[in-house]
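1. coords below, sequence missing:
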């Protein structure tokens, strides 16, 4: 392919120069009249805003149903390693049922700011618990407690083992066990599961990382779309992080902004983590199914013997695609692929890409792995980046406000890596990303072009994966059947 001719193409050139209208001259009297009008209008708007603020709360109280909603098929079922009875119910949901599932659940750290139960190493030691404040340092904490700075020096002399003590996070906690005013043991509690413990030994101090094990349980949730995925997921009991993970798993095949329809539904098996009987976090999605516009998509998480985890279809094909469908978080599609009347030139022209309207400064991501072959101004495109993906595919990103500093011609980029920021440089009427997708130099519709798949499951793991996927799909079907029976009853 001749890339030189490809790079020189410009489908958004200005054509004819735009005429410049002569400016309007203002007299002093006109200026004074305009200033007086602006002052009066500003005063009226200020008074109106106070009235609106005063009446906002009564309106919300009078119509509480405006801020809540109910979904007819949004349910969460929780599984634990030992069978127990139904645990709890809530309006519009099925009672939680607990059963044993023969599933391998990988461990996943959970974040929590709560303090684990303290155990004193020695009855003669005095325990001090300290919460880290904004701007705190270990030196400041030692000074407040009037502790030896020689001990502080010896603790920090452990270097890599205690390096994280140089950057304390507000809200986290320290426990110090003292004897005769000397530090015998120090514990830095990072979250409910992880802490750093420093203990005194005859010739100084030693440090070790402490990780508490959790009780991992498997839960099931399903929901039906009535207005949006996030509302349905919230009603079914899924957290925001799990909802984002669900969208990420199926985001290669489903556009959750444009493709959602009322009646679409999902089923999810995921991990929950408990410590001392309390839920402290959530693990990854283990298996999921999403039915969108009558088409069923299924995904299974698989971790190989090398500890690498990813999502695959039940047949072993990767859920990932070689390209992201939409390379920017957009508010709406301003212009689609095909023939249109140009908003500036005011004549019919073929639009060879898709315009995604977004705020100025919104990050633009590379839609796939590749090499930057062009970076610079390109006529009506304004600030433009072109990425070549292998021999067949290339993508163009135009109207940028600025480039990412590290992205230059010849540099390699990864899928999802930020390459620039939304703007309206070149021939544009507002901030947006103009995105083109080309196959062998021919423009294709980015919204409908068939995207190539990423690598499938490795051959040496396929037999184990297929057995694992069959178990997970069976569990999804069993839980759906049980939920439907419970709903009928």
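-> Looks like it came in fine. Please read these numbers as outputs of a predicted model, since none were measured by experiment.

2. which parts of this protein belong to which domain?
-> The domain map for the chain lists 75-108+215-312, 126-211, 325-444, with the assignment taken from automatic domain parsing.

3. chain center to the strand ranked longest in the chain, what's the gap?
-> Of all the segments of type strand in the chain, defined by DSSP state E, the longest one is strand 278-292. Averaging C-alpha positions (C-alpha atoms, centre = their mean, to the nearest Å) puts strand 278-292 15 Å from its chain's average.

4. again with stretch 272-279
-> 24 Å.

5. what's the end-to-end length of that stretch?
-> In stretch 272-279, first residue to last residue: 7 Å (C-alpha to C-alpha, to the nearest Å).

6. repeat for stretch 310-322
-> In terms of C-alpha to C-alpha, the two terminal residues of stretch 310-322 are separated by 14 Å.

7. can you name the residues in contact with that stretch?
-> 249-250, 252-253, 285, 298-302, 368-369, 389, 393, 415, 451-457, 462, 465-466, 469-470, 473 (C-beta atoms under 8 Å, 6 or more residues apart in numbering). (Each C-beta comes from the backbone N, C-alpha and C, glycine too.)

8. and it, what's buried?
-> 310-314, 316, 318-322 (16 or more other C-beta atoms under 10 Å).

9. could the residues you listed go into JSON lines alongside distance to residue 41, secondary structure and pLDDT?
-> Shown next, in JSON lines, are the buried residues of stretch 310-322 (distance: C-beta to C-beta, whole Å; DSSP: H, G, I helix; E, B strand; the rest coil; pLDDT from 0 to 100):
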{"residue": "310", "distance to residue 41": "58", "secondary structure": "strand", "pLDDT": "89"}
{"residue": "311", "distance to residue 41": "56", "secondary structure": "strand", "pLDDT": "92"}
{"residue": "312", "distance to residue 41": "61", "secondary structure": "strand", "pLDDT": "93"}
{"residue": "313", "distance to residue 41": "60", "secondary structure": "coil", "pLDDT": "93"}
{"residue": "314", "distance to residue 41": "63", "secondary structure": "coil", "pLDDT": "94"}
{"residue": "316", "distance to residue 41": "66", "secondary structure": "coil", "pLDDT": "92"}
{"residue": "318", "distance to residue 41": "59", "secondary structure": "strand", "pLDDT": "88"}
{"residue": "319", "distance to residue 41": "55", "secondary structure": "coil", "pLDDT": "86"}
{"residue": "320", "distance to residue 41": "54", "secondary structure": "coil", "pLDDT": "79"}
{"residue": "321", "distance to residue 41": "53", "secondary structure": "strand", "pLDDT": "77"}
{"residue": "322", "distance to residue 41": "55", "secondary structure": "coil", "pLDDT": "78"}
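
10. thinking again about what came up before, what's the average pLDDT for the helix or strand just after the longest strand of the chain?
-> Tracing the chain past strand 278-292, the next element assigned as helix or strand by DSSP states H and E is strand 295-303. Strand 295-303 comes out with an average pLDDT of 94.

11. strands paired with strand 295-303, and their directions?
-> Each strand that strand 295-303 pairs with, and the sense of that pairing, follows from DSSP bridges: strand 278-292 (antiparallel), strand 309-312 (antiparallel).

12. return the distance of that strand from the chain's centre.
-> With C-alpha atoms, centre = their mean as the basis, the distance from the averaged C-alpha position of strand 295-303 to the chain average is 19 Å.

13. residues making contact with it?
-> Everything outside strand 295-303 that qualifies as a contact, by C-beta under 8 Å, 6+ apart, is 106, 249-250, 253-254, 284-291, 309-314, 319, 457, 461, 465, 468-469, 472-473, 476.

14. where does the stretch 201-350 of the chain dip in pLDDT?
-> Across the stretch 201-350 of the chain, residues meeting the criterion (pLDDT under 70) sit at 331, 339-349.

15. give me that answer again for 90
-> Counting by pLDDT under 90, the stretch 201-350 of the chain contains low-confidence residues at 201-205, 207-217, 227-230, 236-238, 240-241, 244, 247-260, 273-283, 304-310, 317-350.

16. which stretches of it form helices?
-> Taking DSSP state H, counting those that start in this stretch as the criterion, the stretch 201-350 of the chain carries its helices at 229-235, 240-250.

17. next, the buried residues of stretch 231-251.
-> Of the residues in stretch 231-251, those buried by neighbour count under the rule 16+ other C-beta under 10 Å are 231-238, 242-243, 245-246, 249-251.

18. now residue 293: closest residue in space, sequence neighbours ignored.
-> Leaving aside its chain neighbours, residue 293 sits nearest to residue 261 (5.4 Å; criterion: C-beta to C-beta, 6 or more residues apart in numbering).

19. and that neighbour, how many neighbours?
-> Residue 261 sits with 10 neighbouring residues when counted by other C-beta atoms under 10 Å.

20. centre-most residue in the chain?
-> residue 244 (5.7 Å; C-alpha atoms, centre = their mean).

21. residue 231 versus residue 266, what's the distance?
-> Distance from residue 266 to residue 231, counting by C-beta to C-beta, to the nearest Å: 13 Å.

22. ditto for residue 430
-> From residue 430 across to residue 231, the span is 29 Å (C-beta to C-beta).

23. then residue 373?
-> Plainly put, residue 373 is 43 Å away from residue 231 if you go by C-beta to C-beta.

24. can you pull the contacts of residue 399?
-> By C-beta under 8 Å, 6+ apart, residue 399 lies in contact with 381-384, 422-426, 428, 431-434.
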